[in-house]
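J.: sequence isn't available, so here's the structure alone:
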């Protein structure tokens, strides 16, 4: 029968405590290295340590199951699959409900705009769009204006220099 994670952990701690008592603390590392090279580890302990090393490395516990681990019964597997399917169905229904509510809201807004006259409907939609705009604060506005003025000045100087150069060349050619 396979042991649970908690059982393996408790056994490992007890084993380490026994080894700590036997080794005497100061010579523990040196004695343990010599002990590990002389006495082989049993298969159960090696299996537990391998599973714990895999969990420490971040592998999910399902992938670390040993072949003799108890498997869930067919009824349990079916019940789990049914729970997953129902959860997905609830999520899908919730998503469809939200989409339907958005569609109804848009239809109401569209009918309200259609009921207004052409000019008034246009102005109302313009006002609605202006409310959605994220207006810049004063610092951002000043910075953007300065960048624009500098760019236009540099571009004008460049175009003026090109015009003067080509004008000089054309005058020399003619």
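T.: Perfect, I can see it now. Just so it is clear, the model here is predicted, and its values are computed rather than measured. Numbers count the residues shown, from 1 in each chain.

J.: now do the one helix or strand residue 94 maps to, average pLDDT.
T.: Assigned by DSSP states H and E, residue 94 falls within helix 74-115. Per-region confidence: helix 74-115 scores 87 on mean pLDDT.

J.: same deal with stretch 128-139?
T.: 90.

J.: same thing with stretch 166-174?
T.: Here the average pLDDT along stretch 166-174 is 92.

J.: ok, now stretch 10-28?
T.: 75.

J.: mind checking how far that stretch is from the chain centre?
T.: Remark: stretch 10-28 is offset 42 Å from the chain centroid, using Cα atoms, centre = their mean, to the nearest Å.

J.: residue nearest the centroid of this protein?
T.: Central residue of the chain (Cα atoms, centre = their mean): residue 58, 17.9 Å from the mean position.

J.: so that residue: helix, strand or coil?
T.: coil (DSSP: H, G, I helix; E, B strand; the rest coil).

J.: I'd like the numbering to begin with 296 instead of 1 from here.
T.: Taking 296 as the first residue, the last one we looked at is residue 353.

J.: tell me the phi and psi of it?
T.: Dihedral pair for residue 353: phi 100, psi 10, per degrees, to the nearest 10.
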